[in-house]
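Trainee: Attaching a predicted model along with its sequence, questions to come.
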Amino acid sequence: MPTFEPTDIGDVFLIKPEIHRDERGFFLETFREEWFRERGIEVQFVQDNLSRSQRGTVRGLHYQIRRRQAKLIMVVSGTIRDVALDLRRGSPTFGQHTSVVLSEVNKRQLYIPQGFAHGFSVLSEEALVAYKCSDYYDAEAERGVLWNDPGLGIEWEVDRPVVSDKDRQQPRLTEIPKKDLFEYQP
């Protein structure tokens, strides 16, 4: 059974899998609903996504205001710095982020509940990132936070970031209207 370790933001968990190795290679379970239920996390994933990116790519920080998504992120190949930003107004950690290194070597996953923006940077030559979402993608409901907002202090660990035009034009956290944030529910 994997271990679920709370990050700096208690609702976000770093999941360390149980890896079975032998002369053939390894085997691990990447998801089992009962693991989450046993920890009081009621989540049903409905969509799986896969992205491939080159070194220095920064994707994010993205979220959906409708069709809110919890996410479970893992790296199939390569290494990333994965970031979750708390956007729940009234939360004791509102505006704070947590980040972890996920890689094909450590095989860890990051669980991010609804109410967070998500992003990552690619630290290896290339990375293949797989993630589950608890609701479907909705382009009209998609929002973002400026990836390099100086008020957030996120260290992406890339020298020459490769960022999409859309991500370069996102607002700073302080510029986001209240209607485009989440309400904290303890």
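Mentor: That came in fine, so what should we check first?
Trainee: where in this structure is pLDDT low?
Mentor: Applying pLDDT under 70 to the chain flags no residue at all.
Trainee: what residue is smack in the middle of it?
Mentor: H118 (4.3 Å; CA atoms, centre = their mean).
Trainee: For that one, list each beta-bridge partner.
Mentor: H118 forms beta bridges with H62, A84, as assigned by DSSP bridges.
Trainee: Contacts only, for it.
Mentor: Contact analysis of H118 by CB atoms under 8 Å, 6 or more residues apart in numbering lists G60, L61, H62, Y63, K71, I73, D82, V83, A84, L85, I112. Heads up, the C-betas are built off the backbone N, CA and C, glycines and all.
Trainee: 10 Å instead, please
Mentor: 12, 59-63, 69, 71, 73, 82-85, 110, 112, 131, 133 (CB atoms under 10 Å, 6 or more residues apart in numbering).
Trainee: I'd like to know which of these are buried.
Mentor: Burial by neighbour count, 16 or more other CB atoms under 10 Å: within the contacts of H118 this picks out 12, 59-63, 69, 71, 73, 82-85, 110, 112, 131, 133.
Trainee: Which residue, other than its chain neighbours, is closest to N106?
Mentor: Nearest non-adjacent residue to N106, counting by CB to CB, 6 or more residues apart in numbering: K16, 7.9 Å away.
Trainee: hey, what's the one you found bridged with?
Mentor: The partner residues for K16, given DSSP bridges, come to T3.
Trainee: Also the one 10 residues further on?
Mentor: Here F26 sits in beta bridges with R21, as judged by DSSP bridges.
Trainee: tally of neighbours for it?
Mentor: Neighbourhood size, F26 [other CB atoms under 10 Å]: 10.
Trainee: Look up how far Q44 lies from it.
Mentor: 28 Å (CB to CB, to the nearest Å).
Trainee: likewise L123?
Mentor: 31 Å.
Trainee: If you count surrounding residues, which of those two has more?
Mentor: L123 (19 against 10).
Trainee: Who are the contact partners of that one?
Mentor: L123 touches 55-57, 78-81, 101-103, 156-158, counting by CB under 10 Å, 6+ apart.
Trainee: Please pick the buried ones from the residues you listed.
Mentor: Here, 16+ other CB under 10 Å leaves R55, G56, T57, G78, T79, I80, R81, V101, L102, S103, W156, V158 buried among the contacts of L123.
Trainee: Would you mind writing the CA trace of stretch 160-178 as CSV?
Mentor: Extracted in CSV, the C-alpha atoms of stretch 160-178 (Å, rounded to 0.1, in the frame of the first residue of the first chain):
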residue,chain,number,x,y,z
ARG,A,160,15.2,29.5,-20.2
PRO,A,161,11.5,28.9,-19.7
VAL,A,162,9.5,27.8,-22.7
VAL,A,163,6.0,29.2,-22.1
SER,A,164,2.9,29.4,-24.3
ASP,A,165,1.5,32.8,-25.3
LYS,A,166,-1.7,32.0,-23.3
ASP,A,167,0.3,31.3,-20.1
ARG,A,168,2.4,34.5,-20.5
GLN,A,169,-0.9,36.5,-20.6
GLN,A,170,-2.5,35.2,-17.4
PRO,A,171,-3.2,37.6,-14.6
ARG,A,172,-1.3,37.8,-11.3
LEU,A,173,-3.1,36.3,-8.4
THR,A,174,-4.0,39.8,-7.0
GLU,A,175,-5.6,40.7,-10.3
ILE,A,176,-8.0,37.7,-10.4
PRO,A,177,-11.6,38.7,-9.7
LYS,A,178,-13.3,37.0,-6.7
